[in-house]
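Participant: Any chance you could fold what I've pasted below:
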Amino acid sequence: MSIMYGKVLFALAAVLLVTLPCVAAQERDFSGAWLLDRTAGNYRDLSSPAESLNLTQTETRIESLAGNARWVIPINGKELKSKIGDETWNTMTKWEGAALLVNALVTGPRDYTVMDYWRLSPDRSTLTINRQVMRGTAQSEGTLVYRRPGAAPPAPAVKETPTVSETRPAPSPSPLVRRPEPSPAPSATKEYVVPAGTHILLSLINSVNTKHSREGDRVYLQTAFPVTIDGRTVIPKGSNVTGIVSNSKRPGRVAGKGELYIRFEDLTLPNGVTRDFRARIGTTDSANGEVDRKEGTIRSDGNKGGDARTVATGAGIGATIGGVAGRSAGTAGIGGAAGAAAGLASVLMKRGPDASLAKGTQVEMILDRDLIYRADELR
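Facilitator: Coordinates of the predicted model:
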């Protein structure tokens, strides 16, 4: 009997091992045609959404077709560029259970950021997209609801018919009986807002540079000074900040600067409360890089005049050596030219200085959007 019982348990476990991954995959599958339900969404001040979406999903990406616009969304943790009209969309995603967090940095005539939160209904007939758009310090948000063709919206709740006793008016209170005072409504939990534009001082935990760092490498930092709002410490010193290298370009030969761009992703307080956020680097005390405050890009120091002098000096030394060798052989002109070319070639093989941030470097981060914390999250 025990052997039979064990076989049954083994069969059930095998079925679960096969079916559970399939169920999880279905919960994360947004494929198919979707039609906008204008009665269910709340667009607020968002631009007019697409009336329909056609989504094709593979293991690594989602292709979204809305009319002639094609947006490729990576779902493998890597950044991907898409060209939509005259705009370039740099998109990254993050799974939160069965929901998909989509972040896109858009560059074009006007730069802005799009943050989406996609999730399916339990029956997979409804796709809800919560969207935030940041243009500078202006923020707009709304909810888009799409349904599969033929899927009916959920029926409204039916209110039961009141009984006779419920429809009969209540008797007037006796003038001798004092009605009790209503209990005060519970006060809403206080919120603390760290506004966009706030400067936060960070200290780098690991080093990063254009010579060794590549796109996708993680960057780890900690807050070096607390942030206080209304007399309350909201972001304590020692809070962890995580970023990612989204662009790393080595300097060219003779001329050109190294470029390093770090995109910040999340901030975790010492008590474990985490926020996804967007920010850029404002300043740094590194001696091996200057910051473009508008773009947040770190560039290595350029020295075009020094490079030119180095080339000329190298070429001159090569010409002198070649001339001496040429006179010994009776071909001074040819030797001098060959020596100059050799001197120039030796200089051209060298790159300029790399942009780098050493461990312990102080970095000033500027928030691009508000960070909001409830009072009960700051305990």
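Participant: what about residue 53, distance to residue 234?
Facilitator: Distance, residue 53 to residue 234, by Cβ to Cβ, to the nearest Å: 38 Å. Backbone N, C-alpha and C define where each C-beta goes, glycine included.
Participant: Excluding its own residues, what touches stretch 236-248? List them.
Facilitator: 79, 90, 202, 208, 210, 213-226, 259-270, 297, 365 (Cβ atoms under 8 Å, 6 or more residues apart in numbering).
Participant: can you check stretch 135-150 too?
Facilitator: Here stretch 135-150 has contacts from 32-37, 40-46, 49, 52-53, 110-112, 124-133, 153, 196-197, 369-370, using Cβ under 8 Å, 6+ apart.
Participant: Stretch 50-68 now?
Facilitator: For stretch 50-68, the surrounding residues in contact (Cβ under 8 Å, 6+ apart) are 29-36, 69-76, 80, 127, 146.
Participant: Just the ones in strands from these, please.
Facilitator: 32-36, 69-74, 80, 127, 146 (DSSP state E).
Participant: what's the angle between the host helix or strand of residue 142 and strand 32-36?
Facilitator: Assigned by DSSP states H and E, residue 142 belongs to strand 138-147. If you take axes from the mean of the first three to the mean of the last three Cα atoms, to 10 degrees, strand 138-147 sits at 120 degrees to strand 32-36.
Participant: Show me the helices in the stretch 101-250 of the chain, by range?
Facilitator: Assigned by DSSP state H, counting those that start in this stretch, the helices in the stretch 101-250 of the chain fall at 164-167.
Participant: where are the low-confidence patches of the stretch 101-250 of the chain?
Facilitator: Per-residue confidence for the stretch 101-250 of the chain (pLDDT under 70) gives these ranges: 137, 154-188.
Participant: And the ones in strands among the contacts of stretch 50-68, which two are furthest apart?
Facilitator: Greatest spacing in the ones in strands among the contacts of stretch 50-68, by Cβ to Cβ: 35 and 80 (26.3 Å).
Participant: correct me, but residue 198 touches residue 366?
Facilitator: Yes. Residue 198 is within contact range of residue 366, at 7.3 Å (criterion: Cβ atoms under 8 Å).
Participant: still on that earlier bit, list buried residues within the contacts of stretch 50-68.
Facilitator: Buried subset of those (neighbour count, 16 or more other Cβ atoms under 10 Å): 30, 32, 34-36, 71, 73-75, 80, 127, 146.
Participant: I'd like the list of the contacts of stretch 236-248 that fall within strands, please.
Facilitator: Among the contacts of stretch 236-248, the ones falling in strands (DSSP E) are 90, 202, 208, 218-223, 259-268, 297, 365.
Participant: Among the residues you listed, the buried ones, what's the ChimeraX command?
Facilitator: Buried residues among the ones in strands among the contacts of stretch 236-248 (16+ other Cβ under 10 Å), as a ChimeraX selection:
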select :90,202,208,219,221,223,259,260,261,262,263,264,265,267,297,365
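Participant: would you list every one of the strands in the stretch 151-300 of the chain?
Facilitator: 191-194, 199-204, 208-209, 218-223, 227-229, 232-235, 240-249, 259-268, 274-276, 279-284, 290-292, 297-299 (DSSP state E, counting those that start in this stretch).
Participant: if we compare those strands, which one ends up closest to residue 358?
Facilitator: strand 199-204 (7.3 Å).
Participant: Can you tell me what sits against the closest one?
Facilitator: So strand 199-204 is contacted by 219-225, 227, 235, 241, 279, 282, 357-367 (Cβ under 8 Å, 6+ apart).
Participant: Tell me the buried residues within those.
Facilitator: Among the contacts of strand 199-204, those classed as buried by 16+ other Cβ under 10 Å are 219, 221, 223-224, 227, 235, 241, 279, 357, 361-367.
Participant: and the residue lying closest to residue 234 once chain neighbours are set aside, what does it touch?
Facilitator: Once flanking residues are discounted, residue 234 sits nearest to residue 192: 4.9 Å by Cβ to Cβ, 6 or more residues apart in numbering. Counting by Cβ under 8 Å, 6+ apart, residue 192 makes contact with 229-230, 232, 234, 372-375, 378.
Participant: mind giving me the domain split of this protein?
Facilitator: With domains defined by automatic domain parsing, the chain comprises 28-147, 191-302+353-377, 309-348.
Participant: which residues sit in contact with the residue lying closest to residue 28 once chain neighbours are set aside?
Facilitator: Nearest-residue entry for residue 28: residue 98, 5.5 Å, with adjacent residues in sequence omitted and distances by Cβ to Cβ, 6+ apart. By Cβ under 8 Å, 6+ apart, residue 98 lies in contact with 24, 27-28, 119-120.
Participant: I'd like to know which of these are part of strands.
Facilitator: 119-120.
Participant: Can you go through the contacts of residue 98 and name the buried ones?
Facilitator: 28, 119-120.
Participant: any chance of these in JSON lines, with distance to residue 63 too?
Facilitator: Output for the buried ones among the contacts of residue 98, formatted as JSON lines (distance: Cβ to Cβ, whole Å):
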{"residue": "28", "distance to residue 63": "16"}
{"residue": "119", "distance to residue 63": "19"}
{"residue": "120", "distance to residue 63": "17"}
